[in-house]
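*Asks:* next comes the sequence, and after it the predicted model I'd like to discuss.
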Amino acid sequence: MGFPLIGETLQLILPSHSLDLPPFLKNRIQKYGQMFKTNIAGRPVIISADPEFNNFILKQDGKLVDTWSLDTFAEVFEQNTHSSRKYTRHLTLNHFGVEALKEKLLPQMENYINLILEKWSGHESLEVKSAAIKMTVDFAAKQIFSGDLENAPYNISDMFRDLVEGLMSFPINLPGTAHHKCLQIHKKVRETMRDILKKRLDSSTKNRDNREEDLVDHLLRDMDSQKFLTEDYIVQMMFGLLFVTSDSISTTLALSFKLLVEHPDVLEELITEHETILKNKENLDAPLSWNDYKSMTFTLQVINEVLRLGNIAPGLFRRALKDIPVNGYTIPAGWVIMIATAALHLNSNQFENPLSFNPWRWKDIQSSCGAKNFMPFGSGMKQCAGAEYSRVFLATFLHVLVTKY
């Protein structure tokens with residue numbers, strides 16, 4: 001169970017230096033099986049790699065369990081009420097969901113990515129993860145608050161890069177610790193978001209000057225009808241959306257570059273698919289359409305495979321609201337349950353040769369089986385509202401990359 005007070009927190013947050021499971025999970029699953037008890041930051045935690053139990057738990061949101069976060073996440077991404085969560089999801093889907101992607105975001109993404117890759121091509125070398133964070137943060141900022149960062153005192157994209165490094169840190173708020181640095185960065189980003197919001201609230205700047213309504217405009221319009229929409233809430237939402245629309249995409253892109261270079265056969269088939277899309281266009285200068293995106297069958301298989309191997313998040317956390325019986329034992333109310341998504345994604349019973357990069361495996365995976373064993377964006381009603389946005393951005397990036405560079 002680890003050291004007093006901190007338990008096995010340090011072991012949990014140690015990253016894996018390969019695509020394999022982190023040693024903490026791998027060793028304990030081999031020793032104890034698919035479910036075991038540990039202690040994280042002084043809390044008893046049940047870690048589960050059992051697909052059936054995980055599927056059951058994810059269907060019990062709001063009944064037997066509720067969402068829970070590690071301390072650093074909880075401080076950075078403040079917990080909200082049920083009504084505000086529902087509103088946030090609806091708003092996010094309104095601005096980043098399928099309809100928004102079809103109507104405006106897809107062509108905007110393509111134009112933007114063209115510009116970005118043209119800039120990248122002028123560099124002798126590039127650190128992809130950092131460059132991708134800047135790319136995705138800047139694009140999301142345009143949708144959220146029209147990119148009003150001209151006079152910002154800090155470089156937002158640089159701070160988000162540093163923020164990610166501190167999120168999976170032990171929650172000791174002392175100068176010099178990763179947790180302390182993470183909270184300081186969070187404070188600076190929020191100050192920048194607050195300055196942007198104050199400018200919008202100023203009556204002299206409410207006029208949008210014929211620009212399209214962005215997410216902040218939508219929030220300000222709803223402030224009278226939604227009482228929980230305080231300035232603090234809006235600032236936190238601006239921050240949270242910038243994070244979730246950038247972190248998973250940037251990490252997945254960085255890993256995609258590595259895996260495609262190592263697997264030329266995958267790259268060759270990817271190029272063939274996108275050249276076919278161009279050949280089928282009546283006008284080569286026409287932007288990508290939604291039908292073009294939906295025809296990217298192999299591309300989406302590549303994205304699924306990179307997401308499966310990347311395991312960006314350590315797992316999904318829930319807190320038991322009631323005692324939960326399982327396999328002759330009882331998980332007491334108040335205990336935390338961690339659904340170890342990485343263990344699901346690398347389960348050899350579900351994925352043959354799980355550490356191999358094989359996009360073709362997705363041809364034969366049934367959706368019902370996949371839903372229980374593949375959840376890079378969560379599952380069910382708690383699935384990330386930006387899941388489709390992330391896939392479209394990644395697919396569009398790969399389209400521009402393989403057809404023009």
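*Replies:* That came through fine.

*Asks:* so the nearest residue to residue 19 once chain neighbours are set aside is in which element?
*Replies:* The shortest distance from residue 19 to any residue that is not its chain neighbour, by C-beta to C-beta, 6 or more residues apart in numbering, is 5.0 Å, and that residue is residue 309. In this view, the C-beta of every residue, glycine as well, is placed from N, C-alpha and C. For residue 309, the element it lies in under DSSP states H and E is helix 297-310.

*Asks:* that helix - contacts with which helices or strands?
*Replies:* Contact analysis of helix 297-310 by 3 or more C-beta pairs under 8 Å, 6 or more residues apart in numbering; DSSP states H and E lists helix 247-262, helix 264-279, helix 387-404 as its packing neighbours.

*Asks:* mind checking which of those is nearest residue 228?
*Replies:* Closest to residue 228 of these, according to C-beta to C-beta: helix 387-404, at 24.2 Å.

*Asks:* can you list the residues that contact the closest one?
*Replies:* Contact with helix 387-404 is made by 96-98, 101, 105-106, 109-110, 113-114, 117, 136, 139, 245, 248-249, 252-253, 256, 267, 270-271, 274-275, 277-278, 288, 293, 296, 299-300, 302-303, 377-378, 384, as judged by C-beta atoms under 8 Å, 6 or more residues apart in numbering.

*Asks:* quick revisit: would you list the helices and strands packed on helix 297-310 in TSV and tack on mean neighbour count?
*Replies:* Listed next are these as TSV, based on neighbours: other C-beta atoms under 10 Å:
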stretch	mean neighbour count
helix 247-262	19
helix 264-279	15
helix 387-404	21
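
*Asks:* give me the number of residues near the nearest residue to residue 18 once chain neighbours are set aside?
*Replies:* With C-beta to C-beta, 6+ apart as the measure, residue 355 is the residue that lies nearest to residue 18, at 8.0 Å, once sequence neighbours are left out. Taking other C-beta atoms under 10 Å as the neighbour definition, residue 355 ends up with a count of 13.

*Asks:* need the contact list for residue 355.
*Replies:* For residue 355, the contacting residues are 18-20, 309, 346, by C-beta under 8 Å, 6+ apart.

*Asks:* just the pLDDT for it.
*Replies:* Listed pLDDT for residue 355 reads 96.

*Asks:* tell me the SS of it?
*Replies:* Look at residue 355: counting by DSSP: H, G, I helix; E, B strand; the rest coil, its state is coil.

*Asks:* that older thread, possible to save the helices and strands packed on helix 297-310 as TSV with distance to residue 202?
*Replies:* What follows is the helices and strands packed on helix 297-310, written out as TSV (distance: least, C-beta to C-beta, whole Å):
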stretch	distance to residue 202
helix 247-262	31
helix 264-279	46
helix 387-404	30
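
*Asks:* now do residue 21 against residue 340, distance only.
*Replies:* 8 Å (C-beta to C-beta, to the nearest Å).

*Asks:* just the helices in the stretch 151-300 of the chain please.
*Replies:* Under the criterion DSSP state H, counting those that start in this stretch, helices of the stretch 151-300 of the chain are mapped to 156-167, 178-201, 215-222, 231-244, 247-262, 264-279, 290-294, 297-310.

*Asks:* so which of the ones you listed gets nearest residue 34?
*Replies:* In this view, the helices of the stretch 151-300 of the chain are compared for proximity to residue 34 by C-beta to C-beta, and helix 297-310 is the closest at 18.2 Å.

*Asks:* what does the closest one contact?
*Replies:* Taking contacts as C-beta under 8 Å, 6+ apart, the residues outside helix 297-310 that touch it are 19, 251-252, 255-256, 259-260, 266, 269-270, 273-274, 345-346, 351, 355, 357-363, 374, 376, 391, 394-395, 398-399.
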